[in-house]
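Q: 3D model of this:
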Amino acid sequence: MTTDLSIATCRWLGAVTLGVLVPVLPALAQADAGKAAPAGNAAPAPVAPPPPTTGRIEAGVGAAHLNGADGDWRDVYVRGYVRPAPGTTINAELASQGHFNQRGTLGAVSVLRDLSPDWFVMAGVSGGSAEFQYRLRGDVGIYRKWGATRQWVTGLTLMRGLGGDHIHRDTMPSVTVAYYSTDGWIAEGGAMFNRSQPGSVRAARAFGALTVGQQGHHLWMTRIDHGREAYLPAGASVGGAPSSVAFTSTEVSTVWRQWLGRDYGYTVGLQYYRNPYYTRAGVTAGVFFDF
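A: Sure thing, here's the model as predicted:
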């Protein structure tokens with residue numbers, strides 16, 4: 001049985017970067033930039049930030065059609081974050097995922113913690129009940145803000161995961177760099193280097209992401225990642241591909257988050273993925289509430 005672990009990792013890392021760091025860091029970058037701007041600087045005045053929030057909860061559904069593989073996807077999720085104390089953010093997610101004619105439950109929790117004005121760390125654990133999910137996964141990371149206005153952020157993370165078949169194991173370090181502009185956009189890029197066992201299969205991927213907008217109004221996020229995967233997903237039936245190891249794939253996703261009021265709104269997203277064996281086109285939709 002084959003199992004793709006690297007692509008699931010890339011999607012989870014995307015959730016971390018676009019779903020976790022985006023709410024936490026832009027306000028800090030904008031505030032620091034506003035304080036550090038010298039007198040007489042021609043840069044525009046920073047936009048007033050939205051009212052501070054201590055958390056968010058979001059619920060939604062997702063669906064995807066696969067061409068070349070059996071079993072369309074049907075997902076339901078609840079996720080959110082809370083800031084119980086200054087400098088600490090706790091993120092959690094619970095999802096029911098139906099992929100490749102299997103259904104499993106996924107649970108995840110992670111914590112971001114400021115160590116100083118320049119450094120913060122992340123630790124997370126997740127696990128699922130289906131073969132295509134990680135049975136158990138752990139992530140740790142350390143991040144550094146750079147520059148007088150701390151608009152540059154670099155990160156180094158490490159992931160270890162045990163596949164749902166209890167056979168395949170992943171070890172994946174990654175590096176990221178992000179720039180938080182005072183003009184309402186965020187650019188991010190990174191690379192991931194996976195080693196999957198058994199077989200010591202190596203697979204590397206790179207990604208780029210752009211976020212435009214402002215918390216409390218609207219945000220548009222788009223991401224592309226490309227590179228090699230270790231194995232096909234467990235349970236995927238693709239018409240006979242027994243040697244599908246270390247193949248290349250590409251995924252593009254975009255998300256629109258719109259506030260309809262001070263503390264609530266909706267989000268919609270599109271995804272497209274392809275590898276040599278099948279393609280996948282999907283959509284997600286959800287509602288969220290800030291508090």
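
Q: how about the helices in this protein?
A: Taking DSSP state H as the test, the helices found in the chain are 6-16, 22-36.

Q: strands of the stretch 101-250 of the chain, start to end?
A: Listed in chain order, the strands found in the stretch 101-250 of the chain under DSSP state E, counting those that start in this stretch are 102-114, 119-128, 134-146, 152-163, 169-180, 185-197, 201-214, 218-231, 245-259.

Q: take these and write them to JSON lines, including mean neighbour count.
A: To be clear about C-beta, it is placed using only N, CA and C from the backbone, and glycine gets the same treatment. Formatted as JSON lines, these follow (neighbours: other C-beta atoms under 10 Å):
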{"stretch": "strand 102-114", "mean neighbour count": "17"}
{"stretch": "strand 119-128", "mean neighbour count": "18"}
{"stretch": "strand 134-146", "mean neighbour count": "19"}
{"stretch": "strand 152-163", "mean neighbour count": "19"}
{"stretch": "strand 169-180", "mean neighbour count": "19"}
{"stretch": "strand 185-197", "mean neighbour count": "19"}
{"stretch": "strand 201-214", "mean neighbour count": "18"}
{"stretch": "strand 218-231", "mean neighbour count": "20"}
{"stretch": "strand 245-259", "mean neighbour count": "17"}
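
Q: could I get those as a markdown table with distance to Y266?
A: Shown next, in a markdown table, are these (distance: least, C-beta to C-beta, whole Å):
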| stretch | distance to Y266 |
| --- | --- |
| strand 102-114 | 22 |
| strand 119-128 | 25 |
| strand 134-146 | 28 |
| strand 152-163 | 28 |
| strand 169-180 | 25 |
| strand 185-197 | 21 |
| strand 201-214 | 14 |
| strand 218-231 | 10 |
| strand 245-259 | 6 |
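
Q: make TSV out of these and add mean pLDDT.
A: Below are the strands of the stretch 101-250 of the chain laid out as TSV (pLDDT from 0 to 100):
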stretch	mean pLDDT
strand 102-114	97
strand 119-128	98
strand 134-146	97
strand 152-163	97
strand 169-180	97
strand 185-197	97
strand 201-214	96
strand 218-231	96
strand 245-259	95
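
Q: which one of those strands lies closest to V268?
A: Nearest to V268, of all these, is strand 245-259, at 5.4 Å by C-beta to C-beta.

Q: which strands and helices sit next to that closest one?
A: Judged by 3 or more C-beta pairs under 8 Å, 6 or more residues apart in numbering; DSSP states H and E, strand 245-259 is in contact with helix 6-16, strand 201-214, strand 218-231, strand 264-274.

Q: okay if I get the ones you listed as CSV plus distance to R83?
A: Below are the helices and strands packed on strand 245-259 laid out as CSV (distance: least, C-beta to C-beta, whole Å):
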stretch, distance to R83
helix 6-16, 16
strand 201-214, 19
strand 218-231, 18
strand 264-274, 18
